[in-house]
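Chemist: Any chance you can model this:
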Amino acid sequence: MKKLQSESSSPLYHQLMQRLAEDIERGTYPVGSKIPPEHELEALYKVSRVTVRRALAELTAEGLLERKQGKGTFVSTPRISQDLKSIHSFHDACKQNGFQCGTRVIHVVETDSDETDQQELNVPKGSRILETLRVRTADGIPVVLEKNHFSMAYSYLENENLGGSLYNILRDYGIEPKQASHDISMTFATDTQAKLLEIETGAPLMRLHEVVYDQKGRPLHNSLQLIRGDRFVFRI
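Modeler: Numbers count the residues shown, from 1 in each chain. Okay, the predicted model is just below:
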């Protein structure tokens with residue numbers, strides 16, 4: 001094993017981070033496996049306990065490792081990463097991160113607008129809207145429960161196959177999502193949400209509320225996404 005270089009301009013903890021990341025990538029430590037305890041890493045790489053702890057803490061913060069109380073440190077399941085600074089569909093985010101995207105359509109229904117819809121979609125009081133509810137999966141694992149509201153100007157979506165990217169469908173109609181406002185908070189899964197996302201009731205979820213606008217600055221849709229934090233991470 002090649003030694004870490006104490007005379008290098010790169011700090012020892014960063015060198016150790018790179019070494020462990022490389023070991024994970026090549027399969028020395030597969031997803032879900034436990035990495036050696038701190039004292040073993042200390043002896044293996046001839047570094048201090050402080051260096052080991054710093055490297056493990058940084059890799060944990062990056063989502064490559066996860067600590068389990070009383071059990072040790074394990075290789076995390078890869079998470080989808082999405083940049084909130086630009087508009088990307090879940091389908092695109094999966095593709096960019098090397099995951100196979102899937103969609104389960106729960107329903108596509110017309111329903112009454114509420115005050116939030118009226119304000120965000122610029123529709124009059126008493127108007128109807130189109131609601132889509134879908135479970136988005138990555139490599140077959142449920143990641144996002146997504147509810148979208150559209151004005152009835154987009155009623156044609158009822159006749160489309162919504163098992164893929166909504167944005168690709170909209171582009172076929174000349175509609176381009178260009179910008180969005182975001183509101184991120186935390187919530188906890190209800191029984192129904194937990195069943196759809198295949199998690200335990202009460203499990204923490206990221207709650208992302210968005211209003212998306214088209215290329216002319218008009219409201220395109222609003223969206224409420226309940227996201228598994230163990231499978232998804234946002235870059236801001």
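Chemist: averaged over its residues, what pLDDT does the longest helix anywhere in the chain have?
Modeler: Counting by DSSP state H, the longest helix found in the chain is helix 12-26. What helix 12-26 shows for mean pLDDT is 90.
Chemist: Could you list the domains of the chain?
Modeler: For the chain, the structural domains run 12-75, 80-235, going by automatic domain parsing.
Chemist: re the thing from before, list the buried residues of the longest helix of the chain.
Modeler: Buried residues in helix 12-26, counting neighbours by 16 or more other CB atoms under 10 Å, are found at 12-17, 19-21, 24. For every residue, glycine as well, the C-beta is placed using N, CA and C.
Chemist: Can you lay out the domains of the chain as CSV showing distance to residue 5?
Modeler: Putting the domains of the chain into CSV (distance: least, CB to CB, whole Å) gives the following:
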stretch, distance to residue 5
domain 12-75, 7
domain 80-235, 30
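Chemist: nearest to residue 4, of the ones you listed?
Modeler: Of all the domains of the chain, it is domain 12-75 that lies closest to residue 4, at 4.6 Å by CB to CB.
Chemist: starting at the chain centroid, how far to that closest one?
Modeler: From the chain centre to the centre of domain 12-75 is a distance of 23 Å (CA atoms, centre = their mean, to the nearest Å).
Chemist: Which other helices and strands does the helix or strand just after the longest helix of the chain contact?
Modeler: The helix or strand immediately downstream of helix 12-26 is helix 38-45, counting by DSSP states H and E. Helices and strands in packing contact with helix 38-45 are listed as helix 12-26, helix 49-61; criterion 3 or more CB pairs under 8 Å, 6 or more residues apart in numbering; DSSP states H and E.
Chemist: quick one on the thing from earlier: which helices and strands does the longest helix of the chain pack with?
Modeler: Looks like helix 12-26 contacts helix 38-45, helix 49-61 (3+ CB pairs under 8 Å, 6+ apart).
Chemist: Between helix 12-26 and the longest one, find me the angle.
Modeler: Here helix 49-61 points in a direction 50 degrees away from that of helix 12-26 (axes from the mean of the first three to the mean of the last three CA atoms, to 10 degrees).
Chemist: Can you list the strands that the helix or strand following helix 49-61 pairs with?
Modeler: Sequence order places strand 65-68 as the next helix or strand after helix 49-61, per DSSP H and E. For strand 65-68, the paired strands and their directions (DSSP bridges) read strand 72-75 (antiparallel).
Chemist: buried ones in the strand it pairs with?
Modeler: By 16+ other CB under 10 Å, the buried positions in strand 72-75 come out as 73-75.
Chemist: With pLDDT as extra columns, can I get those residues in a markdown table?
Modeler: Below are the buried residues of strand 72-75 laid out as a markdown table (pLDDT from 0 to 100):
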| residue | pLDDT |
| --- | --- |
| 73 | 93 |
| 74 | 91 |
| 75 | 88 |
